[in-house]
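>>> everything below, folded, please.
(chains A and B)
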Amino acid sequence: MKKTRVRFAPSPTGPLHMGGVRTALYNYLFAKKRGGDFILRIEDTDSHRFVPGAEEYIIESLRWCGILPDEGLGPDGRLAEKADERNPHAPYRQSQRRGIYRKYAEQLVGDGFAYYAFDTAAELEAARSQAEAAGQTFIYNAATRGALRNSLTMSSEEVTRLLEERNDWTIRFRMPSDEVVVMEDLIRGHIEVNTSTLDDKVLWKKADELPTYHLANIVDDHLMEISHVIRGEEWLPSLPLHFLLYRAFGWERPEFAHLPLLLKPVGNGKLSKRDGDKMGFPVFPLKWTSPEGEVSRGYREDGYFADAFVNLLAMLGWNPGTEQEIFSMDELIEAFSLEKVGKSGAKFNPEKAKWFNKEYLRMCSDEELCTLFMPILASHGVNAPAGKVREIVALIKERATFVSDFWDIAWYLFKAPEEYVEKDASKFWKKENVDMARQALDNTDSAQAMEEYIRANEWPMGKVMNCIRLALTGSSNGLGIADIMRFIGREEALLRFRRAEERLVIC
RNA sequence: GGUGGGUUCGUAUAACGGCUAGUACUCAAGAUUUUCAUUCUUGCAAUAGGAGUUCGAUUCUCCUACCCACUACCA
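Residues are numbered from 1 along each chain as shown, chains lettered A, B, ... in the order given. Just a heads-up that it's a prediction; the model follows:
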């Protein structure tokens, strides 16, 4: 059996969208499950849309997610440019492969599957608007190509002359006039399309000396011995063209699988950058600063664990058929199959995304969380011993979704409150409460003893404790008093209580 | 407009012709707790509509509706 080889082939036109990461992930899982290779290729045949930094961003995103290419990256972590044992098909950037495509395009012309076209952009535009005026749609195919300027309608002398003189001609695929293309998709099953609805796509442009996506894609997939093409649903409409291209070349074609789209959380349409801005969640794996200086947030910078991000992405459009939701990468590889990928678009749910991170945070050891929390503490000017931080982390991790929540949850363990929540103060800072709290605090030497003391006096536990909590934390929310006092110490607790007495007005 | 794809609780999904349509997130209520959070329990909530095939349809077929994608010398 042929070795499984899949590729992720993004365009460096901007930051990689989370939908793109999911496509890469499914490719990776599929390959790993079958002991195959996952290849990274950059499709940059449109120089006009090239965005500086986008390629590096794509590579860094995959690295962060742990979706590591078996092929395509050199030892320096950049896209491989020279062929070696690991990267036999280098270079993996199509702009650097430009020399190889023209002969394949010419081959199709020679075999009668393609032709030279000399129509200018203006001429095509005119034809389009003319058709539109007549209430029709202009399609460059068998129905119209006979009346247009191409090598099928012109003498060979004329063609040869124009090929020499002009530098804006193209090579177009000669779409069969009326044929039903029968296709199989691993996810969608049987699909049929009549070629009369399709157009003669441009395969190669003289102006850039470059192929378009369709040609470059098929040629490279063939040369790189790709066995399965797993890509987004937006490519489904060009599947017939690709089938026909493989046939014209006489090449064995790979299997195809078209993934459902990622949709916006509310309303209709596919997930876009705007939705993230509007609803307050990232749509990109990493923070991105565009060349114009516009900043987009990323899952990494928002505090998501890479494992959690991968996990939540995996569950968007795929499920294992069991009730398990938390998967490590290895478990995903083990469980993954294309048969279990759904057909319909998946609306992204930011709430569920947070839930995943919460679960992963709980699975982290106190040691790991301590390591992550230490620099945050330092940024607040706190220098606490690791042992103590580890204990604190153990206490608060159940209350957090992100490590970045830790400070907001437990800051009062490190410094005294500067102000008090007014609503809580008016509720609990009452004379009788304060009197009881002062006595409890002064007449005992530990939190436990204090609790017993309050109980022994039959005082209202809630009122007294919240009064103390207000003094210690500035509000009536937070950790248990015993825990707080254990970390800040009795002396500090007394100090904070005195300060509260000075600052707060009895209600 | 044309072509293709899609449609199970609000969301993600399960049920490869056969239990009372299951689970998770969200939300609500209750229990626990010195507060908050956690935890636990309970609850709300779906097969787009209509025909057909069948003993039996969420599942198969057809029609309608709605949604999405594509419709460039972009990918």
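
>>> hey, let's count contacts and neighbours off CA atoms from now on
Fine.

>>> in the stretch 301-450 of chain A, which residue sits closest to RNA strand B?
A:G317 (3.0 Å; C-alpha to the nearest atom of the strand).

>>> isn't that residue right up against A:P260?
Yes - using C-alpha atoms under 8 Å, A:G317 is in contact with A:P260, at 6.8 Å.

>>> overlap in contacts of the two?
Here A:G317 and A:P260 share the contacting residues A:342-346, scored by C-alpha atoms under 8 Å, 6 or more residues apart in numbering.

>>> A:I376 - how many residues pack around it?
A:I376 has 15 neighbours, counted by other C-alpha atoms under 10 Å.

>>> again, but for the one 5 residues further on
Using other C-alpha under 10 Å, the number of residues around A:G381 comes to 10.

>>> how far away is it from A:K3?
55 Å (C-alpha to C-alpha, to the nearest Å).

>>> for the stretch 51-200 of chain A, which residue gets nearest to RNA strand B?
For the stretch 51-200 of chain A, C-alpha to the nearest atom of the strand, closest residue to RNA strand B: A:T120, 3.9 Å.

>>> and that residue, what pLDDT?
Looking at A:T120, its pLDDT reads 93.

>>> also A:R86?
96.

>>> check the one 10 residues further on too.
At A:Q96, the pLDDT value in this model is 96.

>>> and the contacts of stretch A:395-414?
So stretch A:395-414 is in contact with A:303-304, A:354-355, A:357-358, A:361-362, A:369, A:372-373, A:376-377, A:382, A:393, A:472-473, A:478, A:484, A:487-488, going by C-alpha under 8 Å, 6+ apart.

>>> just to revisit the earlier point, so which of the shared contacts of A:G317 and A:P260 belong to strands?
A:A346 (DSSP state E).

>>> only whichever of the shared contacts of A:G317 and A:P260 are buried, select them in ChimeraX.
ChimeraX command restricting the shared contacts of A:G317 and A:P260 to the buried ones, with burial defined by 16 or more other C-alpha atoms under 10 Å:
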select /A:342,345,346
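
>>> and RNA strand B, which of the shared contacts of A:G317 and A:P260 contact it?
Counting by C-alpha under 7 Å from any atom of the strand, A:342-346 from those sit close to RNA strand B.

>>> what's the burial count for the residue of the stretch 51-200 of chain A closest to RNA strand B?
Neighbour tally, A:T120, other C-alpha under 10 Å: 13.

>>> and what of the one 5 residues further on?
When counting by other C-alpha under 10 Å, one arrives at 13 neighbours for A:E125.

>>> just the pLDDT for it.
92.

>>> pretty sure it belongs to a strand, no?
No - with DSSP: H, G, I helix; E, B strand; the rest coil as the criterion, A:E125 is located in helix rather than a strand.

>>> what about it, distance to A:I139?
12 Å.

>>> equivalent analysis for A:V51, please.
The value you get for A:V51 to A:I139, if C-alpha to C-alpha is used, is 31 Å.

>>> can you pull the contacts of the residue of the stretch 301-450 of chain A closest to RNA strand B?
So A:G317 contacts A:260, A:341-346 (C-alpha under 8 Å, 6+ apart).

>>> flag every residue of the stretch 251-400 of chain A that's near RNA strand B.
Going by C-alpha under 7 Å from any atom of the strand, the residues of the stretch 251-400 of chain A near RNA strand B are A:261, A:265, A:268-270, A:315-319, A:321-323, A:340, A:342-349, A:351-352, A:355, A:398-400.

>>> select only the buried ones of those in ChimeraX?
Command for ChimeraX, covering only those of these found buried under the criterion 16+ other C-alpha under 10 Å:
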select /A:261,265,270,315,316,317,318,319,342,345,346,347,348,400
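
>>> among the residues of the stretch 251-400 of chain A next to RNA strand B, name the ones in strands.
Reading strands off those with DSSP E, I get A:346-347.

>>> in stretch A:62-71, which of the residues would be classed as buried?
Neighbour count says stretch A:62-71 has A:62, A:64-65, A:67-71 buried, by 16+ other C-alpha under 10 Å.

>>> er, stretch A:498-505 I mean
By 16+ other C-alpha under 10 Å, the buried positions in stretch A:498-505 come out as A:499-500, A:504.

>>> name the helix or strand for the closest residue to A:F305 other than its chain neighbours, please.
Once flanking residues are discounted, A:F305 sits nearest to A:N357: 6.6 Å by C-alpha to C-alpha, 6 or more residues apart in numbering. Assigned by DSSP states H and E, A:N357 belongs to helix A:350-363.

>>> show me what that helix is packed up against.
In this structure, helix A:350-363 packs against helix A:306-314, with contacts taken as 3 or more C-alpha pairs under 8 Å, 6 or more residues apart in numbering; DSSP states H and E.

>>> packing partners of the helix or strand following the helix it packs on?
Per DSSP H and E, the first helix or strand lying C-terminal to helix A:306-314 is helix A:329-335. Counting by 3+ C-alpha pairs under 8 Å, 6+ apart, the packing neighbours recorded for helix A:329-335 are helix A:18-33, helix A:306-314.

>>> could you see whether RNA strand B lies near the next helix-or-strand element following the longest one?
Tracing the chain past helix A:18-33, the next element assigned as helix or strand by DSSP H and E is strand A:37-40. No - in this structure, strand A:37-40 remains apart from RNA strand B according to C-alpha under 7 Å from any atom of the strand; the gap is never smaller than 12.7 Å.

>>> check stretch A:133-141 too.
Yes - counting by C-alpha under 7 Å from any atom of the strand, RNA strand B has neighbours in stretch A:133-141: A:136-137, A:139.

>>> turn those residues into a markdown table, including neighbour count and secondary structure.
Listed next are the residues of stretch A:133-141 next to RNA strand B as a markdown table, based on neighbours: other C-alpha atoms under 10 Å; DSSP: H, G, I helix; E, B strand; the rest coil:
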| residue | neighbour count | secondary structure |
| --- | --- | --- |
| A:Q136 | 11 | coil |
| A:T137 | 13 | coil |
| A:I139 | 18 | coil |
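
>>> surely A:E55 touches A:A9?
No - counting by C-alpha under 8 Å, A:E55 does not reach A:A9; the two are 11.0 Å apart.

>>> neighbours around A:L369, how many?
Other residues near A:L369 come to 20 when the count uses other C-alpha under 10 Å.

>>> run through who's touching the helix or strand where it lies.
Taking DSSP H and E as the criterion, A:L369 maps to helix A:366-379. For helix A:366-379, the external contacting residues (C-alpha under 8 Å, 6+ apart) are A:383-384, A:386, A:389-391, A:393-394, A:403-404, A:406-407.

>>> spit out the contact partners of the residue nearest to A:K343 when sequence neighbours are not counted.
Nearest non-adjacent residue to A:K343, counting by C-alpha to C-alpha, 6+ apart: A:P260, 5.6 Å away. Applying C-alpha under 8 Å, 6+ apart, one finds that A:P260 lies in contact with A:232-233, A:317, A:342-346.

>>> for those, give me TSV that also has pLDDT.
Output for those, formatted as TSV (pLDDT from 0 to 100):
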residue	pLDDT
A:G232	96
A:E233	96
A:G317	94
A:G342	95
A:K343	95
A:S344	94
A:G345	94
A:A346	94
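
>>> and these as TSV, adding distance to A:H17?
Putting those into TSV (distance: C-alpha to C-alpha, whole Å) gives the following:
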residue	distance to A:H17
A:G232	12
A:E233	15
A:G317	16
A:G342	20
A:K343	20
A:S344	19
A:G345	16
A:A346	15
